[in-house]
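# Here is a sequence together with a model predicted from it:
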Amino acid sequence: MSVHKEVKRVTTHVLQEMKLRGEKISMLTAYDYSMASIVDQSGMDIILVGDSASNVMAGHETTLPITLDQMIYHAASVIRAVNRALVVVDLPFGTYQGDSKEALRSAVRIMKEAEAHAVKLEGGREIKDSVDRILSAGIPVMGHLGLTPQSIYKFGTYTVRAKGKDEAEILIEDAKILEEAGCFALILEKVPAELAAKVAKEVTIPVIGIGAGGDIDGQVLVVHDMLGITQEFSPRFLRRYHNLYEEMSGAFKNYISDVKSGDFPNEKEQY
Ligand code: KIV
């Protein structure tokens, strides 16, 4: 008899049930094995291998430079750590827009090589062909509307999207297009809380927000931001649950000082 407890995995079906019974969905990014292991064992519902890896792991200014190979490396590392959460992986910029066959090839590589559970694409009607083709292969797709960082050079700034009536109407239509296409969930990034709440009421799939208020089905943050590892990024929506920057730099300084003084290693720390 196995002594291991069976872990009930989070599936797209489980997320749909959570929306139906009003249970909020927790989602956080991770990009490597060690962090993903802690996040998963904490009971997170969804782990996003976000293309924000381009910023927080690789130090790029935007999410545009990260490649499909690099996303697959991060995703495979995360997947090896995860027993419970649904792992969603971003399709990076340039691997799905404007060519649905290439979109399917990119999604298949993520599912086969990283063994991910689902992919996420940014955009609405303009990427519908890609969404349709990926879904036709049985790959679950999460949508992403509002501030879509892969389009930062079109927007020009990282400020709140869809504050005006026209853009808000387009966003609502896009949410419905993605729902009808068969997306299992939707991310709304940096949009007015009232608009996000309206979308969450009007679509049947879970709507998960980042800077989109609390009257929706779940929340997502970037792990480095909520742990306080990143210092320079502090938008209004970000709640820091720790100041790891201070704690880590304190530990590094103590180590340097112990090495310099000869205090480390001591007699018990050698052979
Ligand atoms: O890449 C990412 O981390 C994301 C979240 C901000 C939703 O897309």
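Cool, got the structure. Residues are numbered from 1 along each chain as shown.
# List the contacts of residue 66.
51, 53, 54, 58, 60, 92, 93 (CB atoms under 8 Å, 6 or more residues apart in numbering). Yep, even glycine has a C-beta here, placed from its N, CA and C like the rest.
# Of those residues, which is the most crowded?
Within the contacts of residue 66, most neighbours by other CB atoms under 10 Å means residue 51, with 28 neighbours.
# Run a quick check on that one versus residue 63, I expect a contact.
Yes: using CB atoms under 8 Å, residue 51 makes contact with residue 63 at a distance of 4.3 Å.
# Now list whatever residues contact both of these two.
Both residue 51 and residue 63 are in contact with 90, 92, 93, 149, 150, where contact means CB under 8 Å, 6+ apart.
# tally of neighbours for the first one?
The reference is to residue 90. Residue 90 has 28 neighbours, counted by other CB under 10 Å.
# Can you tell me the SS state at the closest residue to it other than its chain neighbours?
Take residue 90 and drop its neighbours on the chain: the residue closest to it by CB to CB, 6 or more residues apart in numbering is residue 51, 4.1 Å away. Under DSSP: H, G, I helix; E, B strand; the rest coil, the three-state class of residue 51 is coil.
# and the helix or strand containing residue 39, how far out from the chain's middle?
For residue 39, the host element (DSSP states H and E) is helix 33-41. Relative to its parent chain, helix 33-41 has a centroid offset of 14 Å by CA atoms, centre = their mean, to the nearest Å.
# Which of the residues in that helix are classified as buried?
For helix 33-41, burial by neighbour count (16 or more other CB atoms under 10 Å) applies to 35, 36, 37, 39, 40.
# now swap in stretch 234-251 and tell me
Residues of stretch 234-251 classed as buried by neighbour count (16+ other CB under 10 Å): 237, 240, 244.
# How about the secondary structure of the second one?
I take that to be residue 240. coil.
# Distance-wise, check the closest residue to residue 188 other than its chain neighbours relative to residue 90.
Spatial nearest neighbour of residue 188, chain neighbours left out: residue 212 (4.2 Å); criterion: CB to CB, 6+ apart. Distance of residue 212 to residue 90, computed by CB to CB, to the nearest Å: 18 Å.
# Could you list the domains of the chain?
The chain breaks down into these domains under automatic domain parsing: 12-240, 243-271.
# Return the most buried member of the ones you listed.
Counting by mean count of other CB atoms under 10 Å, domain 12-240 has the highest mean neighbour count of the domains of the chain, with a mean of 19.
# And the pLDDT at residue 232?
Looking at residue 232, its pLDDT reads 88.
# Let me see the contact set for the residue in the chain that the ligand sits nearest to.
With CB to the nearest ligand atom as the measure, residue 50 is the residue of the chain nearest to the ligand, at 2.4 Å. By CB under 8 Å, 6+ apart, residue 50 lies in contact with 29, 31, 90, 120, 222.
# Could you list the residues of the stretch 151-271 of the chain in contact with the ligand?
Contacts of the stretch 151-271 of the chain with the ligand, taken as CB under 6 Å from any ligand atom, map to 187, 189, 210, 220, 222.
# For the stretch 51-200 of the chain, just list every one of the strands.
All strands of the stretch 51-200 of the chain, identified by DSSP state E, counting those that start in this stretch, fall at 86-90, 118-120, 141-146, 185-189.
# thinking again about what came up before, turn the buried residues of helix 33-41 into JSON lines, including distance to residue 265 and pLDDT.
Converted to JSON lines, the buried residues of helix 33-41 look like this (distance: CB to CB, whole Å; pLDDT from 0 to 100):
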{"residue": "35", "distance to residue 265": "28", "pLDDT": "98"}
{"residue": "36", "distance to residue 265": "31", "pLDDT": "98"}
{"residue": "37", "distance to residue 265": "28", "pLDDT": "98"}
{"residue": "39", "distance to residue 265": "32", "pLDDT": "98"}
{"residue": "40", "distance to residue 265": "33", "pLDDT": "98"}
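# Keep only these that also lie close to the ligand.
Okay, of the buried residues of helix 33-41, nothing touches the ligand (CB under 6 Å from any ligand atom).
# Understood, closing this out.
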